[in-house]
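Novice: No letters, just coordinates:
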């Protein structure tokens, strides 16, 4: 009897941990899928923006003592950088084959990772006084730190806000119009270029939130922290059906949970990162168009 | 002399590795971000066999066969998914390979395999073997290019659906491209294992897959001599960049980015444009 209930507790705990991880994946993957939906570019540098968000979060929090301020600064700085990347790296490559933009993106990503290492050192930064580290009992026997709760809360608020923005505002409508057919959108008076800038700003700001949150959970930012989440986020947006925000969201949460169970039950054969890609390959072989996309 | 031999061996292996990817990505137009996995399969196979006493020249055959067989399976995936989906799937293959190897005690797990034996006639012997393999592969690539197969590849790379309509057996040619390319990577991997004489999972990760793709792209996708040149130079570039030691990767990344930004068709494309201007 006791055994059964403790297994149920373990399942519940793993599911919750998985959903927290999934919320972070969602914040990263949404920006990525927005860029893909708009420009058909696999935006690998997105991972560097995520890392940059982490650094900005830690540096500003340490300087001012305010995590909220740090989040705002991180979003603004990283958002602006994202816009810069679109303007100076991608825009001139839009008429080239997609492989060109992908490789340019990978090149930039390597440069960015190295730049972080050279500027901030190879061993990373930590919060001098890490905020939100106390634990609370959310369900009988299950404890979560305030930081984890904040991650989920922020993700829900931000994603909800975005969903509302794209469904019911003028900006959101011109955004969706541009995604589905840029020339037609332009002929209806949508400023396609402006939509793209906005898209990069929002997507990058989301990555900055994710970066700051991961920094908070691990109390560490390091130059290579973006690498694995970045590749996983690519897997996620493919799983969700490239360019589909809803699919990316579902895939993020699913992957978070699958990984958290996988590390317990498959840990002897596969490491955590391989689980994600095994899942990806499995799904693609069965549904080449992704989980939610219509065939 | 030992130094020059080591540098030449490095170049030769890199050229073989890059040319093998060029068959898949260059000739046949199938983007692969997971080529290092096949390099790894070859390296592990050859290393385990030579440690058991097989001469390397013989061990390279099963290395090529196993890598080619794995390539066949991934090739099957390329029949299912295309373009960006394929790029991500092949990227997954690298992570899967590293993730599996890491957990296998028989393959050395996290620690890898060390003490890989030196080959007959030592370093010069390895260089000779590497050169023979590379030259054979260059000849194979030239032959493919000039054959009906090369023609079919070009049509698949250009426009798969039209190729299909024209009656070209697209799946068969794609699978052949994957088998030939990955088998070549397997041989390169076997040579690499005996060049460095120590391998571990991280030798075959995503970074290596990207590095070799960068060689193909900087050389000019599909161009044989362009890729030979780019792989030769880029493989020893880190040695020349010793004076900027700490900035090595930074320079490498910037180089990839700038090539894409300024000359996306690579060295071969630049040369073509230059030649066109001179002969005008």
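Specialist: Okay, I see it. This is a predicted model, so every value here is computed, not measured.

Novice: How about residues contacting the strand or helix carrying residue A:163?
Specialist: Using DSSP states H and E, residue A:163 maps to helix A:146-168. The contact list for helix A:146-168 (C-beta atoms under 8 Å, 6 or more residues apart in numbering or on different chains) reads A:19-20, A:23-24, A:26-27, A:30, A:131-136, A:138, A:171-173, A:175-176, A:202, A:206, A:209, A:213, A:216-217, A:245, A:249. All C-beta atoms are positioned from the backbone trio N, CA, C, and that covers glycine.

Novice: can you tell me which of those residues are in helices?
Specialist: Among the contacts of helix A:146-168, DSSP state H puts A:19-20, A:23-24, A:26-27, A:30, A:171-173, A:175-176, A:202, A:206, A:209, A:213, A:216-217, A:245, A:249 in helices.

Novice: Could you pull up the residues touching the residue of the stretch 101-250 of chain B found nearest chain A?
Specialist: Using C-beta to the nearest C-beta, residue B:250 is the residue of the stretch 101-250 of chain B that sits closest to chain A, at 4.0 Å. Contacts for residue B:250 (C-beta under 8 Å, 6+ apart) come out as A:110, A:111, A:114, A:115, A:118.

Novice: Name all residues that make contact with the second one.
Specialist: When contacts are counted by C-beta under 8 Å, 6+ apart, residue A:111 is found next to B:250, B:253, B:254, B:257.

Novice: Could you pull out the buried residues of the helix holding residue A:163?
Specialist: Buried residues in helix A:146-168, counted by 16 or more other C-beta atoms under 10 Å in any protein chain shown: A:147, A:148, A:150, A:151, A:152, A:154, A:155, A:158, A:159, A:162, A:166.

Novice: Ok, stretch A:33-46 next?
Specialist: Using 16+ other C-beta under 10 Å as the test for burial, stretch A:33-46 gives A:33-39, A:41-46.

Novice: which one of the residues you listed sits closest to chain B?
Specialist: Of all those, chain B sits closest to residue A:42, with 5.8 Å by C-beta to the nearest C-beta.

Novice: Need the per-residue pLDDT for the closest one.
Specialist: Looking at residue A:42, its pLDDT is 84.

Novice: The residue of chain B found nearest chain A: what's it in contact with?
Specialist: For chain B, the residue positioned closest to chain A under C-beta to the nearest C-beta is residue B:99, at a distance of 2.3 Å. Residues in contact with residue B:99 (C-beta under 8 Å, 6+ apart) are A:270, A:271, A:273, A:274, A:275, A:277, A:278.

Novice: Try it again at 10 Å.
Specialist: With contacts defined as C-beta atoms under 10 Å, 6 or more residues apart in numbering or on different chains, residue B:99 is in contact with A:269, A:270, A:271, A:272, A:273, A:274, A:275, A:276, A:277, A:278, B:92, B:201.

Novice: Let me know the pLDDT of it.
Specialist: We have a pLDDT of 86 for residue B:99.

Novice: do residue A:259 as well
Specialist: 86.

Novice: coming back round to it: neighbour-wise, give me the winner out of the contacts of residue B:99.
Specialist: residue B:92 (31 neighbours; other C-beta atoms under 10 Å in any protein chain shown).

Novice: Next secondary structure after the helix or strand harbouring it?
Specialist: Assigned by DSSP H and E, residue B:92 belongs to helix B:83-103. Toward the C-terminus, helix B:83-103 is succeeded by helix B:122-146 as the next helix or strand (DSSP H and E).

Novice: continuing past that next one, what's the next helix or strand?
Specialist: Later in the chain than helix B:122-146, the nearest helix or strand by DSSP H and E is helix B:148-158.

Novice: quick one: contacts for residue 46?
Specialist: Picking chain A for this. A:28-29, A:31-32, A:34-36, A:82, A:85, A:105, A:109, A:200, A:203-204, A:206-207, A:226, A:229-230, A:233-234.

Novice: actually chain B
Specialist: Each residue near residue B:46 by C-beta under 10 Å, 6+ apart is listed here: B:54, B:56, B:58-64, B:66-67, B:116, B:186-187, B:189-194, B:199.

Novice: What is the three-state secondary structure of it?
Specialist: Recorded secondary structure, residue B:46: helix (DSSP: H, G, I helix; E, B strand; the rest coil).

Novice: Chain neighbours aside, what residue packs nearest to it?
Specialist: Excluding the flanking residues, the one nearest residue B:46 by C-beta to C-beta, 6 or more residues apart in numbering or on different chains is residue B:190, at 3.1 Å.

Novice: angle of whichever strand or helix holds that neighbour against helix B:122-146?
Specialist: In this assignment (DSSP H and E), residue B:190 forms part of helix B:170-196. For helix B:170-196 against helix B:122-146, the angle by axes from the mean of the first three to the mean of the last three C-alpha atoms, to 10 degrees is 170 degrees.

Novice: Quick one: mean pLDDT over helix B:170-196.
Specialist: Rounded mean pLDDT across helix B:170-196 is 93.

Novice: That helix packs against which elements?
Specialist: helix B:2-21, helix B:35-51, helix B:56-80, helix B:122-146, helix B:148-158, helix B:160-165, helix B:206-219 (3 or more C-beta pairs under 10 Å, 6 or more residues apart in numbering or on different chains; DSSP states H and E).

Novice: So for it, what gets flagged as buried?
Specialist: Neighbour-count burial for helix B:170-196, counted by 16+ other C-beta under 10 Å, picks out B:170, B:173-195.

Novice: quick one, what contacts residue 178?
Specialist: In the absence of a named chain, this looks at chain A. When contacts are counted by C-beta under 10 Å, 6+ apart, residue A:178 touches A:37-38, A:184-186, A:190-196, A:198-199.

Novice: Chain B is the one I meant
Specialist: With contacts defined as C-beta under 10 Å, 6+ apart, residue B:178 is in contact with B:23-24, B:28, B:30, B:32, B:38, B:68, B:70-79, B:90.

Novice: Report the buried members of the residues you listed.
Specialist: Buried members of the contacts of residue B:178, scored by 16+ other C-beta under 10 Å, are B:23-24, B:28, B:30, B:32, B:38, B:68, B:70-71, B:74-75, B:77-78, B:90.

Novice: among those residues, which are within reach of chain A?
Specialist: Restricting the buried ones among the contacts of residue B:178 to those near chain A by C-beta under 10 Å from any C-beta of the partner chain leaves B:74, B:77, B:90.

Novice: So for the first one, what's the pLDDT?
Specialist: The reference is to residue B:74. Note on residue B:74: pLDDT of 89.

Novice: That one contacts residue B:33, correct?
Specialist: No. Taking C-beta atoms under 10 Å as the definition, residue B:74 is not a contact partner of residue B:33, at 11.2 Å.

Novice: intersection of neighbour lists for these two?
Specialist: Common neighbours of residue B:74 and residue B:33 (C-beta under 10 Å, 6+ apart) are B:86, B:89, B:90, B:92, B:93.

Novice: who's in contact with the closest residue to chain B within the stretch 151-295 of chain A?
Specialist: Nearest residue of the stretch 151-295 of chain A to chain B, counting by C-beta to the nearest C-beta: residue A:274, 2.3 Å away. Residue A:274 is in contact with A:262, A:266, B:92, B:94-103, counting by C-beta under 10 Å, 6+ apart.
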